[in-house]
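Asker: okay, sequence plus prediction incoming.
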Amino acid sequence: MRIVIAKPGLDGHDRGAKVVARALRDGGHDVIYTGLRKTPQEIVRIVNDEDAQVLGLSTLSGAHDSLIPKICEGLRQSGLGSVVVFAGGIIPERDRPMLYGSGVRAVFGPGTPTSEVLRFLQVASSRKNNGDEIGVGENLGWHWN
Amino acid sequence: MNDLIELLNSAKSGDRRSLSKLLTSIESGQTISPGSTDSWTLGVTGPPGVGKSTLIGKMISHWISDGQRVAILALDPTSPISGGSFLADRIRMEQGETGNDVFVRSIASGNQSGGIPYFLGEMCKVLSMCGWSRIVIETVGTGQSEIRIVAFAERVLLVDGPDRGDIIQAEKAGILELADVIAVNKADLPGAESAAQSIRFSLGLVDGDDRKIHLVSALDGSGVAQLISDIESCEPDDIRKELRMRERILSIWGSLLLTHPEIDSNIAKLCDGSITVNEAIQSMGLTLGLGANNWK
């Protein structure tokens, strides 16, 4: 799949994003990395121009609660509701329900084996093929964890 | 096919979503229509790490302020082992990346020969039809094999850097001969002038070769305006045009071979020694004439 890995907001730490990007590449995916400090609008445009099926958002700054819902909303408004969104980084347990409510389908914290991200993508891909809800603009309810 | 026409019409009217989907269709092998459109294309090539993407970022800013609409097709390598890729050229193009007049699409090079996928020509055509007035193809940064860029771009910019020593010598029999414009980037670092000198020397060995070597710095922008004006005014000579057509034939030939349904089984048979290279080629319905006898 074509996957964009993005770093939203003012956060200069991208070791995690790069580790995930590398693992996805080794899993046979085409991974596009945006680099640091992207605005929600920039990320939406990159997902569009690259025609990515999946967007992975890495944030360690604590701003996930304001940035991630904005990106999800931007995707829906731009006709990108079929894009699968997952998040990773430092995201407290108590914030997860809010992110799932915005359309995020998985949240991966520190210590997650990269193989788990690959398994999530496999499931996401087969849900897509079966017509089950998985995109950011589709019915909520199902999420990975 | 009708879907494609619909996408094209909608992309022509300025819808980015449709343009993006259209490029994906082309990447998967579909074509819009025969015939060619006049498009302004520049291939940017050179070794890894010399600053191709950063320089393109600076060039984007110049073109935008000149009222152009700039589309970039940025190639990065596909892993021959996993089939995956890590596409990160756009990170370096940040200066110019914002706004509606820039479109950056990353492309995995796949296993195409020369690192240039055959569908690039079709992509350039579509971008041009949609009003993108400057189309830049950035090649993977590998050495001599990226010569095939000449088949798809009307003009070719070769970017080199300081402290590359003998690699320049190794390349001079390839892309250096085919590039229309040559730039040595990182002019802000020591060694850039001497790198430019050694290229000047190797070009100077050919009578009538009056190509200028530009010293530029993608970091501080020096020399970029002159570089662009040289690129805009260059007119490739007939010899290089012939070489381009030759590369175009080779490129299509290569992609026919590589997309042949029996290529994988033939490779497997070659590995276990049950057939010769000549038999493999014949079994794929290709005739190479007398030359093939030398391939056994």
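Answerer: Thanks, I have it.
Asker: CA atoms for contacts and neighbours, from now on please.
Answerer: OK.
Asker: quick one, helices of chain A?
Answerer: A:15-26, A:40-49, A:64-77, A:96-102, A:114-130 (DSSP state H).
Asker: could you say what helices and strands the shortest one packs with?
Answerer: Put plainly, it is helix A:96-102. With contacts taken as 3 or more C-alpha pairs under 8 Å, 6 or more residues apart in numbering or on different chains; DSSP states H and E, helix A:96-102 sits against helix A:64-77.
Asker: what does the stretch 1-150 of chain B put close to chain A?
Answerer: Residues of the stretch 1-150 of chain B that fall close to chain A, judged by C-alpha under 8 Å from any C-alpha of the partner chain: B:16-17, B:20-21, B:24, B:79, B:82-88, B:90-91, B:98, B:103-106, B:108.
Asker: show me these that map onto strands.
Answerer: B:85-87, B:103-106, B:108 (DSSP state E).
Asker: in a markdown table, list those residues along with pLDDT and neighbour count.
Answerer: Formatted as a markdown table, those follow (pLDDT from 0 to 100; neighbours: other C-alpha atoms under 10 Å in any protein chain shown):
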| residue | pLDDT | neighbour count |
| --- | --- | --- |
| B:85 | 75 | 27 |
| B:86 | 75 | 25 |
| B:87 | 75 | 26 |
| B:103 | 92 | 24 |
| B:104 | 90 | 20 |
| B:105 | 91 | 21 |
| B:106 | 89 | 23 |
| B:108 | 84 | 25 |
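Asker: how about those in a markdown table, adding distance to residue B:153?
Answerer: Shown next, in a markdown table, are those (distance: C-alpha to C-alpha, whole Å):
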| residue | distance to residue B:153 |
| --- | --- |
| B:85 | 24 |
| B:86 | 24 |
| B:87 | 21 |
| B:103 | 18 |
| B:104 | 17 |
| B:105 | 16 |
| B:106 | 17 |
| B:108 | 18 |
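Asker: what residue in the stretch 1-150 of chain B comes nearest to chain A?
Answerer: residue B:84 (3.7 Å; C-alpha to the nearest C-alpha).
Asker: what is the neighbour count of residue B:139?
Answerer: 28 (other C-alpha atoms under 10 Å in any protein chain shown).
Asker: let me fix that: residue B:234
Answerer: 15.
Asker: likewise residue A:134?
Answerer: Residue A:134 has 26 nearby residues by other C-alpha under 10 Å.
Asker: which ones are touching it?
Answerer: Residues in contact with residue A:134 (C-alpha atoms under 8 Å, 6 or more residues apart in numbering or on different chains) are A:82-84, A:105, A:124, A:127-128, A:140, A:142.
Asker: just residue A:22 next, same as before
Answerer: Counted by C-alpha under 8 Å, 6+ apart, residue A:22 has contacts residue B:86.
Asker: give me the pLDDT for it.
Answerer: At residue A:22, the pLDDT value in this model is 91.
Asker: repeat that for residue B:23.
Answerer: 94.
Asker: that one and residue B:125 touch, don't they?
Answerer: No: the criterion here is C-alpha atoms under 8 Å, and residue B:23 misses it with residue B:125 at 10.6 Å.
Asker: ok, these two, which is more surrounded?
Answerer: More crowded of residue B:23 and residue B:125, by other C-alpha under 10 Å: residue B:23, with 25 against 21.
Asker: quick one: that one and residue A:48, what's the gap?
Answerer: 11 Å (C-alpha to C-alpha, to the nearest Å).
Asker: before we move on, what about residue A:19?
Answerer: Distance from residue A:19 to residue A:48, by C-alpha to C-alpha: 24 Å.
Asker: more neighbours, these two?
Answerer: Higher neighbour count among residue A:19 and residue A:48: residue A:48, with 23 against 12, using other C-alpha under 10 Å.
Asker: okay, and for chain A, where does confidence drop off?
Answerer: Scanning chain A for pLDDT under 70 picks out no residues.
Asker: what do you get for the stretch 151-296 of chain B?
Answerer: B:151, B:163-175, B:204-208, B:236-237, B:240, B:244, B:286-296.
Asker: ranges for the strands of it?
Answerer: Taking DSSP state E, counting those that start in this stretch, the strands of the stretch 151-296 of chain B run over residues B:155-160, B:181-184, B:213-215.
Asker: can I get those strands in CSV with distance to residue B:139 and mean neighbour count?
Answerer: As requested, these are exported to CSV (distance: least, C-alpha to C-alpha, whole Å; neighbours: other C-alpha atoms under 10 Å in any protein chain shown):
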stretch, distance to residue B:139, mean neighbour count
strand B:155-160, 10, 25
strand B:181-184, 15, 24
strand B:213-215, 20, 21
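Asker: I'd like those written out as JSON lines, with distance to chain A added.
Answerer: Shown next, in JSON lines, are the strands of the stretch 151-296 of chain B (distance: least, C-alpha to the nearest C-alpha, whole Å):
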{"stretch": "strand B:155-160", "distance to chain A": "23"}
{"stretch": "strand B:181-184", "distance to chain A": "26"}
{"stretch": "strand B:213-215", "distance to chain A": "28"}
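Asker: CSV for those strands, including distance to residue B:53?
Answerer: CSV is the format used below for those (distance: least, C-alpha to C-alpha, whole Å):
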stretch, distance to residue B:53
strand B:155-160, 10
strand B:181-184, 13
strand B:213-215, 16
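Asker: any idea which of those gets closest to residue A:112?
Answerer: Nearest to residue A:112 among the strands of the stretch 151-296 of chain B is strand B:155-160 (41.1 Å), distances taken as C-alpha to C-alpha.
Asker: so which residues make contact with the closest one?
Answerer: Contacts of strand B:155-160 (C-alpha under 8 Å, 6+ apart): B:41-47, B:50-52, B:149-150, B:175-176, B:178-185, B:231, B:234, B:236.
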